[in-house]
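> Kindly generate the corresponding structure for this input.
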Amino acid sequence: MPRSHPPALPVLVERTLREECHVLRGSRILLAVSGGGDSMAMLHATAPVAPSLGIELHAHGVDHGLRPEASYELDEAECLARELGIPFSRSKLAVEPGSNLQARARAHRYAELRKVAQMLSAECIATAHHADDRAETVLMRLMRGSGPVGLAVLAPRAGDLIRPLSRARKSDVSSYLARHQIRFAQDPSNCDARYLRSRVRHQLLPSLLQESPGLVKHLNSLADRMLELTSAGNASSLGLARSQAEALQRIIQFPRDGAEIALGGGWILKLERKKIRVRAVVNQ
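Presented below is the predicted three-dimensional model:
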């Protein structure tokens with residue numbers, strides 16, 4: 001009989017760490033924790049599977065110095081980490097306000113996390129990106145005209161970065177937080193319509209999901225396929241032409257019509273109401 005519900009979050013985390021992140025026994029993992037819901041769920045769900053995987057966890061929070069609430073949010077993260085028996089540390093940065101704020105803050109955050117990982121001899125850094133984050137990123141890349149290389153986003157493992165929640169939906173994370181009564185903070189920038197990701201998250205993706213409820217899964221499958229192609233050296237790194245970008249806009253405006261977008265390197269992205277497919281162009 002088929003499953004009536006998805007696997008529990010720790011089960012998904014353990015499977016992803018073992019099969020897709022390829023963490024080795026004896027490894028030390030640095031968990032990037034902000035106090036937000038996704039990272040708090042990652043922290044809580046990773047703790048019980050660490051012994052069976054033979055890995056050691058250390059949590060670290062980065063305060064960008066942009067919001068006074070961030071320090072209190074990290075206090076909550078530290079409290080949860082200590083309840084779970086996981087060492088916790090934090091850094092405070094001084095990111096100047098201005099243009100490209102989110103991109104600059106992200107760059108500073110990863111630089112700081114890598115510095116801490118090196119100090120702790122941690123083999124990799126775990127971030128709390130989940131399947132919905134990945135779907136949003138694919139849509140954003142398509143809107144910006146990315147080709148196959150640009151669509152191979154947020155892999156479960158990319159160098160020193162691992163994403164234990166890669167195969168979990170946002171709904172899985174939210175349910176887990178509620179079930180275990182885990183307190184978490186809400187970053188107001190996540191709802192700020194000035195940022196493209198916020199508009200994609202709260203406007204575009206929900207609209208598309210009404211037409212294709214399986215869209216998050218399809219976009220993740222597309223990212224997986226593009227990762228396979230780029231890893232094998234079979235995909236072109238060229239961006240989309242104007243006509244290709246216009247085809248995407250038609251899909252967004254008229255999702256029932258669907259469209260085909262040539263990705264280059266002999267591959268076609270076929271978007272339909274119910275599915276997204278990638279297929280090779282066959283020369284007749």
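> For the closest residue to residue 205 other than its chain neighbours, grab the count of nearby residues.
Nearest non-adjacent residue to residue 205, counting by C-beta to C-beta, 6 or more residues apart in numbering: residue 136, 6.0 Å away. For every residue, glycine as well, the C-beta is placed using N, CA and C. A count of nearby residues for residue 136, using other C-beta atoms under 10 Å, gives 24.
> Over to the one 3 residues further on?
With neighbours defined by other C-beta under 10 Å, the count for residue 139 comes to 21.
> How confident was the prediction at it?
Residue 139 carries a pLDDT value of 89.
> For residue 129, see how far away the residue nearest to residue 205 is.
According to C-beta to C-beta, to the nearest Å, residue 136 and residue 129 sit 10 Å apart.
> Repeat that for residue 198.
Noted for residue 198: a distance of 16 Å to residue 129, by C-beta to C-beta.
> more neighbours, these two?
The neighbour comparison of residue 198 against residue 129 (other C-beta under 10 Å) goes to residue 129, with 24 against 16.
> elements contacting the helix or strand containing residue 205?
Assessed by DSSP states H and E, residue 205 sits inside helix 205-211. Helices and strands in packing contact with helix 205-211 are listed as helix 131-143, helix 215-231; criterion 3 or more C-beta pairs under 8 Å, 6 or more residues apart in numbering; DSSP states H and E.
> Tabulate the CA atom coordinates of the last one in PDB.
Same thing as helix 215-231. Output of helix 215-231 as PDB, limited to C-alpha atoms (Å, rounded to 0.1, in the frame of the first residue of the first chain):
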ATOM      1  CA  LEU A 215       5.500  22.200  -9.700                       C
ATOM      2  CA  VAL A 216       8.000  22.200  -6.800                       C
ATOM      3  CA  LYS A 217       8.900  18.600  -7.500                       C
ATOM      4  CA  HIS A 218       9.100  19.200 -11.200                       C
ATOM      5  CA  LEU A 219      11.400  22.200 -10.700                       C
ATOM      6  CA  ASN A 220      13.600  20.200  -8.400                       C
ATOM      7  CA  SER A 221      13.800  17.400 -11.000                       C
ATOM      8  CA  LEU A 222      14.800  20.000 -13.600                       C
ATOM      9  CA  ALA A 223      17.600  21.200 -11.300                       C
ATOM     10  CA  ASP A 224      18.700  17.600 -10.700                       C
ATOM     11  CA  ARG A 225      18.800  16.900 -14.500                       C
ATOM     12  CA  MET A 226      20.700  20.100 -15.200                       C
ATOM     13  CA  LEU A 227      23.200  19.100 -12.500                       C
ATOM     14  CA  GLU A 228      23.700  15.800 -14.200                       C
ATOM     15  CA  LEU A 229      24.200  17.400 -17.600                       C
ATOM     16  CA  THR A 230      26.600  20.000 -16.400                       C
ATOM     17  CA  SER A 231      28.500  17.500 -14.300                       C
END
